[in-house]
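Colleague: Structure, please.
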Amino acid sequence: MSLFTVTPSPLPVRRAPRLALLALTAAALLAGCNNDDDETSTDVTISSLRLIGQQVLPRRMEYQGTVVGGLSGIDYDAKSDSYLLISDDRTTTDSSNAPRMYTAKLTFDASTFSAVQFTGVVTMKQPDGSVYPKVPDAKVADPESVRIDPVNGNYVWLSEGDRTLTSTPQRIINPFIREVTPQGTHVREYALPSMFTMSANNTGPRGNLVFEGLSFSPDMKSAWVLMEGALLQDGNAPTTTTGSASRLTRFDRASGQANAQYLYPIEKVQATPVPADAFTVNGPTEILALSATRFLVLERSFSVGVIGNQVRLYEIDTAAATNVLTAASLTGATPVTKRLVLDFETLKTQLGGIANLEGITFGPKLANGRRSLVVVADDNFPTADSATDRNQMLVFEIQP
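Modeller: You can find the predicted model right below:
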C-alpha cells in the first residue's frame, strides 16, 4: 500500500467511534454498507456544512499499475471503514487501463483531513466475463457513479453510454445500471424505461448527459438514479440565461424495475464562457439520500475560459412532485423542490479552486457525534494540474 499525503497534520488522528456489534441488528449491519454505521434508517437533517480539509492527489498518480484519475463516484463502507471509488477512464488517451474501481482509506477527524491511502483495484467485468474496452469499441462504458448495495454488499454502478454522431462509424451505446460482485464479476442489470434508449434521431438522451447520480434509499428498497441533462424531447440544455430539466428515476432494488420518476430543475450555467460562444455545461453530478423523499444533489457548472468549476450543493424533496414515469411530456409537471445548502464558490479561494466535483458520500461519525460528508472530483485525466482539473477530495462536518 502506498500512502499519499498532501498536507501532513501535526495533530493526532482520532478514529470515529463504532457501536458494539452486539447492539446492531442484522438489518442495520447490511444498511451500513451504504451509509453511516448507526443511523442508516434515520432521516438526516442538514442546515449547513463546515469544511474540515482537502487532499489533492498527485497528477496521474500510479497505483497497482493503473493511473488514478477520473474519480466520478464514491461510497462509504461502514463495515470496513473504507471507501469505494469509480473511475470513468474510457479512452486510451486517459490511460491504457480498463475501467475500474478503487478501494481506499481516508484519514480525518473533526479538525484535519490528513491522508488518502489506496488499498485495492477492482476491474469491472462485462456480462460475458471480459473487461470493458475503450473508445471506439461499440461496448465502451462511461462509469459515473457507484454505490454498495445495502442488502447484499455487491457494487452497483452507472454508465452514461455514448451518442457520438460525428464519429465513423457513429457510436450509439445505451446507458446502463449494472451490479457486480466486490471482485468485479457481473451479477445483473437493471431494466431501463424505453425513454433512456439512445438514438440518432431527436429523441432519447443527449450524449454525455445521461446517468450521473445514484443512491439507495435509507429503507434499502429503492435505488434512485439522476440524469445530468434533459432528454432531447424534454427541451434544451441550460445556457447562461436559462435553466433546463432532467429526470430523477426510482427503481425497485429487488426487481430492478423503475416505479417512479420526477422532474429535476437544472439551474442556468453559472459563468459566461470566454469567448462568449464557447462550450458550457451545467447539470447534476451526484445524489445522496437523506430520507425517503429528500436528497443531496451536487450540481456542477463549467464554462470554457473560466478557471475552475462552479458547484452548488442542494437539498431536494420529491414529496410534492409529479410522478412523470408514464407521462408523455414534462409540461405541467410539478418539479422537486430545491434548497441551496452550499455554494462552493465561497470556498474557492480557501481551496485554491473548485475542481470537477462529481462524487459524494456520508463518511463515519466524527468524535463530536456529527456526521461527516466526503466529496470527490473527476480530474478528466489531464497532463497538468489546474484549479479546474485535479483529483480533489474534500471532507465536511454536517451541521444538523
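Colleague: SS state for Val341?
Modeller: Under DSSP: H, G, I helix; E, B strand; the rest coil, the three-state class of Val341 is strand.
Colleague: For it, which non-adjacent residue is spatially closest?
Modeller: Leu313 (4.6 Å; CB to CB, 6 or more residues apart in numbering). C-beta: built from backbone N, CA, C; applies to glycine.
Colleague: what about the one you found, neighbour count?
Modeller: Residues lying near Leu313 (other CB atoms under 10 Å) number 23.
Colleague: isn't Asp94 right up against Val68?
Modeller: No. In terms of CB atoms under 8 Å, Asp94 does not count as a neighbour of Val68; the distance is 11.2 Å.
Colleague: about what we covered before: which strand residues bridge the residue nearest to Val341?
Modeller: According to DSSP bridges, the partner residues bridging Leu313 are Leu298, Leu342.
Colleague: can you check Ile172 too?
Modeller: Arg163.
Colleague: Now do it against Leu71, distance only.
Modeller: Counting by CB to CB, to the nearest Å, the gap from Ile172 to Leu71 is 27 Å.
Colleague: who's more crowded, these two?
Modeller: Per other CB under 10 Å, whichever of Ile172 and Leu71 has more neighbours is Leu71, with 26 against 18.
Colleague: Check the spacing between that one and Lys268 real quick.
Modeller: In terms of CB to CB, Leu71 sits 27 Å off from Lys268.
Colleague: Ok, Ile177 next?
Modeller: 29 Å.
Colleague: Among these two, which residue is more densely surrounded?
Modeller: A side-by-side neighbour count of Ile177 and Lys268, using other CB under 10 Å, places Ile177 first with 23 against 14.
Colleague: Now that one. Nearest residue, chain neighbours left out?
Modeller: Ile177's closest residue in space is Tyr190 (CB to CB, 6+ apart), at 3.8 Å.
Colleague: Hmm, that neighbour is touching Ala223, no?
Modeller: Yes. Between Tyr190 and Ala223 there is a contact at 7.3 Å, judged by CB under 8 Å.
Colleague: and for the two, which residues touch both?
Modeller: Ile177, Phe251 (CB atoms under 8 Å, 6 or more residues apart in numbering).
Colleague: Neighbour count for these two, which is higher?
Modeller: Legend: neighbour count by other CB under 10 Å for Tyr190 and Ala223, higher for Ala223 (26 against 20).
Colleague: Quick check, pLDDT for the nearest residue to Leu351 once chain neighbours are set aside.
Modeller: Spatial nearest neighbour of Leu351, chain neighbours left out: Gln54 (5.7 Å); criterion: CB to CB, 6+ apart. Looking at Gln54, its pLDDT is 98.
Colleague: burial measure for Gln54, as a count.
Modeller: When neighbours are counted by other CB under 10 Å, Gln54 registers 19.
Colleague: Looks to me like it is in a strand.
Modeller: Yes. According to three-state DSSP, the state of Gln54 is that of a strand.
Colleague: Please report how far it lies from Ala377.
Modeller: Taking CB to CB, one finds Gln54 at 10 Å from Ala377.
Colleague: Overlap of the contact sets of those two?
Modeller: By the contact definition CB under 8 Å, 6+ apart, Gln54 and Ala377 are jointly contacted by Gln392, Met393.
Colleague: which SS class is Tyr264?
Modeller: strand.
Colleague: give me every residue that touches it.
Modeller: Leu226, Met227, Ala245, Ser246, Arg247, Leu248, Pro284, Val297, Ile316, Pro335, Val336.
Colleague: what would these look like in JSON lines with distance to Thr119 and pLDDT?
Modeller: Below are the contacts of Tyr264 laid out as JSON lines (distance: CB to CB, whole Å; pLDDT from 0 to 100):
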{"residue": "Leu226", "distance to Thr119": "29", "pLDDT": "98"}
{"residue": "Met227", "distance to Thr119": "32", "pLDDT": "98"}
{"residue": "Ala245", "distance to Thr119": "40", "pLDDT": "97"}
{"residue": "Ser246", "distance to Thr119": "34", "pLDDT": "97"}
{"residue": "Arg247", "distance to Thr119": "36", "pLDDT": "98"}
{"residue": "Leu248", "distance to Thr119": "33", "pLDDT": "98"}
{"residue": "Pro284", "distance to Thr119": "29", "pLDDT": "98"}
{"residue": "Val297", "distance to Thr119": "29", "pLDDT": "98"}
{"residue": "Ile316", "distance to Thr119": "33", "pLDDT": "98"}
{"residue": "Pro335", "distance to Thr119": "41", "pLDDT": "98"}
{"residue": "Val336", "distance to Thr119": "37", "pLDDT": "98"}
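Colleague: Of those, which belong to strands?
Modeller: Among those, the members found in strands (DSSP state E) are Leu226, Met227, Ala245, Ser246, Arg247, Leu248, Pro284, Val297, Ile316.
Colleague: what residues are up against the fifth one?
Modeller: Put plainly, it is Arg247. Met195, Leu226, Met227, Leu231, Asp234, Gln261, Tyr262, Leu263, Tyr264, Val324.
Colleague: Got a PyMOL select line for the buried ones in those?
Modeller: Buried members of the contacts of Arg247, defined by 16 or more other CB atoms under 10 Å, are picked up in PyMOL with:
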select buried, resi 195+226+227+231+234+261+262+263+264+324
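Colleague: Using TSV, please lay out the contacts of Arg247 together with distance to Val116.
Modeller: What follows is the contacts of Arg247, written out as TSV (distance: CB to CB, whole Å):
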residue	distance to Val116
Met195	39
Leu226	26
Met227	30
Leu231	37
Asp234	39
Gln261	36
Tyr262	35
Leu263	37
Tyr264	31
Val324	40
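Colleague: closest to Leu49 among the contacts of Arg247?
Modeller: The closest of the contacts of Arg247 to Leu49 turns out to be Leu226 (CB to CB; 20.1 Å).
Colleague: sec struct for the residue lying closest to the closest one once chain neighbours are set aside, please.
Modeller: The shortest distance from Leu226 to any non-neighbouring residue, by CB to CB, 6+ apart, is to Gly213 (3.6 Å). Here Gly213 is recorded as strand under three-state DSSP.
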